[in-house]
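> Fold the following and give me the result.
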Amino acid sequence: MLRNTEHRYGSLSIGLHWLTLLLIAAAYGLMEFRDIFPRGSAGRDLMKEFHFMVGLLILALVVVRLLVRASSPSPRIVPALSPLMLTLARLAHLALYAFLLCTPLLGWLLLSAGGKPIPFFGLELPALITPDDGLKGPIKELHETLANLGYALIALHAAAAIYHHHVLKDNTLTNMLPERK
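Okay, the predicted model is just below:
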């Protein structure tokens with residue numbers, strides 16, 4: 001089943017979810033491990049370039065995810081959650097989607113403010129703003145702050161999935177796993 005139903009997520013949503021996770025891990029890994037290369041080296045520059053491209057790929061995937069989410073139902077959680085838990089879940093998802101959209105957009109703005117090319121797998125994307133050295137610092141700080149906040153949001157998301165599965169014993173986690181044959 002490709003599309004979501006009210007009983008479970010479809011393979012499209014499941015695939016996009018787990019692919020997003022892999023790309024987030026790649027984006028973080030590329031920046032965390034860029035220091036294995038000295039500043040100014042080709043290896044370090046390549047790690048940063050791939051970080052930019054993976055970030056933009058995450059942005060594109062999240063837009064697709066939001067379109068899929070808006071055009072198909074979300075599965076019901078069984079047993080049903082309390083109104084408070086539903087509100088907390090919605091807020092957590094809103095925070096995750098804001099992080100997934102804003103962090104790559106800030107990276108794109110940062111490259112634009114620096115007058116640098118915006119690489120995307122053989123293409124060069126247009127700058128979002130004209131070069132502005134005065135904006136580079138604040139944009140970089142905000143991008144890095146959101147990236148650091150992302151660690152907490154991802155941990156919270158994973159912890160919530162485990163909590164749903166092992167404590168509440170509902171179908172939240174199993175709905176996002178591939179269906180067993």
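> all contacts plus neighbour counts: C-alpha atoms, from now on.
OK.
> Okay, and the spatially most central residue of the chain sits in which element?
Central residue check for the chain by C-alpha atoms, centre = their mean: the C-alpha nearest the mean position is that of Leu100, 3.8 Å away. If you go by DSSP states H and E, Leu100 is part of helix 83-113.
> Against which helices or strands is that helix packed?
If contacts are counted by 3 or more C-alpha pairs under 8 Å, 6 or more residues apart in numbering; DSSP states H and E, helix 83-113 sits against helix 42-71, strand 118-120, helix 133-163.
> I'd like the ones you listed as CSV, with distance to Ala27 and mean pLDDT appended.
Listed next are these as CSV, based on distance: least, C-alpha to C-alpha, whole Å; pLDDT from 0 to 100:
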stretch, distance to Ala27, mean pLDDT
helix 42-71, 5, 96
strand 118-120, 14, 95
helix 133-163, 10, 97
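> Any idea which of those gets closest to Met85?
For the helices and strands packed on helix 83-113, the distance to Met85 is smallest for helix 133-163, at 10.6 Å, taking C-alpha to C-alpha.
> Contacts only, for the closest residue to Pro79 other than its chain neighbours.
Leaving aside its chain neighbours, Pro79 sits nearest to Asp170 (5.6 Å; criterion: C-alpha to C-alpha, 6 or more residues apart in numbering). Going by C-alpha atoms under 8 Å, 6 or more residues apart in numbering, Asp170 touches 77-80, 164.
> follow-up on the earlier one: now for the residue nearest to the centre of the chain: which residues touch it?
58-59, 62.
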